[in-house]
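Q: build me a model from this:
(one chain, ligands or ions: 2)
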Amino acid sequence: MKALDELTFDNRFARLGDAFSTHVLPEPLDAPRLVVASNAAMALLDLDPAVAETPVFAELFGGHTLWAEAEPRAMVYSGHQFGGYTPQLGDGRGLLLGEVYNEAGEHWDLHLKGAGMTPYSRMGDGRAVLRSSIREFLASEALHALGIPSSRALCVIGSDTPVWREKQERGAMVLRMAPSHIRFGHFEYFYYTKKPEQQAILAEHVLNLHYPECREQPEPYLAMFREIVERNAELIAKWQAYGFCHGVMNTDNMSILGITFDFGPFAFLDDFDAHFICNHSDHEGRYSFSNQVPIGQWNLSALAQALTPFISVDTLKEALGLYLPLYQANYLDLMRRRMGLTSAEDDDQKLVERLLQLMQNSGVDYTLFFRRLGDESAALAVARLRDDFVDLAGFDAWAELYKARVARDGEYSEEQRRKRMHAVNPLYILRNYLAQNAITAAESGDYSEVRRLHEVLSKPFEEQAGMEQYAQRPPDWGKHLEISCSS
Ligand code: AMP
Ligand code: MG
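A: Numbers count the residues shown, from 1 in each chain. Ligands and ions are numbered 1, 2, ... in the order given. I've put the predicted structure just below:
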């Protein structure tokens, strides 16, 4: 276990120089205080969880002090936003404080979001508000606990600093961690500004640090791009299987590592709805739940375009062709498991599609359905779940197919079935209304609800005593909360 001042820094991105990032110091928050910290994320830095409660912790992550070895930098990037190219974005309110490596030798970027203005702030104030910082914190850690690759969050620091959005709010900072903060948009920036030397430096950096095994391949950059395609196909399969809607899949919010990145108006589905749009500002539904699949490919094509100086167009196209089949295979595999199946049959995709259509028509809770499906034998479970459906004949027909499919799958006890299914079907997910309850309490200075919710979501597959209220469908007020882009 380390004390806060014992972290070891190795700032590899900062060493790439001023063409890639700019030195900026964090702008401190007034009266910084700990809102919530993640013990699991602390462990990644070998930090003793007790240090989160010390005043120096809030001062560090509230922008008041810094380690001597930290080299805070605002990174430059660009990206396609809602389909259109924005030539210059960059860290407008976040700073890469430095890269830390732990005793296992893993490097973690420490990125402080809400740290004040930078050369890339454009019209913004460089700040983040408490509500969006809490949402990012909860989502990062909840996704990780579900087994969905994501950037991590160490803590949220609250403050008295006023920040103006639609109304006056309070500033906060979230300390985000990832092995890298490089986005698709980093490559696009150097491609569109026609800086081939810097682009080569960036590509070498990513290859050496994050895809070293691709060095062994005849075409290392192509191997790296393929790997990025694969990771994104797997990631988006997990989003779709677990009902996660990112909301702002711009290429500047896509990680080069294939992890969930940059949280804004995201949501987990309550009722299953393929057309769900979680971003209130997304009028055309570009980033609706089901569109995430083709948009994943669109974003990879944008990255491919930026890699044309290194890789031939034909081979890039070939690699892009891997995305959809890989996505489908991964998705189907996950959905089979969610249905409790251990074998594969050709018609399984249809079985899933029919079920989702029935859920869509009846507004069935996506998470609770699968959890309950595993509570007992297939026959008993479908008999109990039947009441949730409006189209009873349709559901009965599906249930017959499902029971027959389960019978062909093999012999196992109810207990084995429950164990296996509950290990992949969470009881607790980050429903928007749960986040909203925690935010409302936190805005009035009570952080206990954020902490409890974080705790519950860190073990989403385990039924926890006294936590029934976190495993319910939303009340009416919490069903269609409008989450805007403002953060
Ligand atoms: P996002 O929608 O959070 O992914 O942000 C898109 C771009 O706008 C990024 O370059 C952000 O750093 C920048 N940005 C967002 N909010 C602010 C803000 N309050 N101040 C300065 N820049 C911001
Ligand atoms: Mg962003």
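Q: show the model's pLDDT score for the closest residue to Lys195 other than its chain neighbours.
A: Of all residues not flanking Lys195 in the chain, Ala19 sits nearest, at 7.3 Å (Cβ to Cβ, 6 or more residues apart in numbering). Yep, even glycine has a C-beta here, placed from its N, CA and C like the rest. Ala19 carries a pLDDT value of 98.
Q: Ala19: neighbouring residues, count only.
A: Taking other Cβ atoms under 10 Å as the neighbour definition, Ala19 ends up with a count of 14.
Q: what about it, which SS state?
A: Look at Ala19: counting by DSSP: H, G, I helix; E, B strand; the rest coil, its state is coil.
Q: check Phe310 too.
A: Relying on three-state DSSP, one would call Phe310 coil.
Q: what about it, distance to ligand 2?
A: 25 Å (Cβ to the ion, to the nearest Å).
Q: gap between the residue nearest to Lys195 and ligand 2?
A: 21 Å.
Q: I'd like the numbering to begin with 197 instead of 1 from here.
A: Noted, 197 is the first residue going forward, which turns the last one into Ala215.
Q: residue contacts, Val586?
A: 557-558 (Cβ atoms under 8 Å, 6 or more residues apart in numbering).
Q: same question for Asp287.
A: Counting by Cβ under 8 Å, 6+ apart, Asp287 has contacts 217, 270-272, 314, 316.
Q: how does it look with 6 Å?
A: With contact taken as Cβ atoms under 6 Å, 6 or more residues apart in numbering, Asp287 is in contact with 270-271, 314, 316.
Q: the closest residue in space to it that isn't next to it in sequence sits in which helix or strand?
A: Spatially, and ignoring its direct neighbours in sequence, Asp287 is nearest to Ala270 (4.1 Å; Cβ to Cβ, 6+ apart). Taking DSSP states H and E as the criterion, Ala270 maps to strand 269-271.
Q: name the strands paired with the helix or strand just after that strand and say parallel or antiparallel.
A: Using DSSP H and E, the helix or strand that follows strand 269-271 in sequence is strand 275-277. Paired strands of strand 275-277, with direction, are strand 280-282 (antiparallel) (DSSP bridges).
Q: anything in the partner strand near ligand 1?
A: No - using Cβ under 6 Å from any ligand atom, strand 280-282 never reaches ligand 1; the gap is at least 8.3 Å.
Q: ok, now stretch 253-269?
A: No - judged by Cβ under 6 Å from any ligand atom, stretch 253-269 stays clear of ligand 1, getting no closer than 13.3 Å.
Q: ends of that stretch, how far apart?
A: Length of stretch 253-269, first residue to last, Cα to Cα, to the nearest Å: 20 Å.
Q: quick check: the residue nearest to Lys391 vs Glu393, distance?
A: 9 Å (Cβ to Cβ, to the nearest Å).
Q: do Glu480 as well
A: From Glu480 to Glu393 the distance is 38 Å (Cβ to Cβ).
Q: close to ligand 1: what parts of the stretch 247-396 of the chain are there?
A: Neighbours of ligand 1 within the stretch 247-396 of the chain, by Cβ under 6 Å from any ligand atom: 285-289, 316-317, 320-323.
Q: among these, who's most crowded?
A: Top of those by neighbour count (other Cβ under 10 Å): Arg323, with 27 neighbours.
Q: tell me the contacts of that one?
A: So Arg323 contacts 310, 359, 367 (Cβ under 6 Å, 6+ apart).
Q: state the mean pLDDT of the helix or strand containing the second one.
A: Element membership of Val359 [criterion: DSSP H and E] is strand 348-360. Throughout strand 348-360, pLDDT has a mean value of 98.
Q: what parts of the protein come near ligand 2?
A: 449, 458 (Cβ under 5 Å from the ion).
Q: give me the nearest residue to Phe472, chain neighbours excluded.
A: Phe485 (4.4 Å).
Q: count of neighbours near that neighbour?
A: 23.
Q: okay, it: pLDDT?
A: 98.
Q: do the same with the one 4 residues further on
A: Residue-level confidence at Val489 comes out at 98, pLDDT.
Q: show me what counts as buried in the host helix or strand of it.
A: According to DSSP H and E, Val489 maps onto helix 488-502. By 16 or more other Cβ atoms under 10 Å, the buried positions in helix 488-502 come out as 488-489, 491-493, 495-500, 502.
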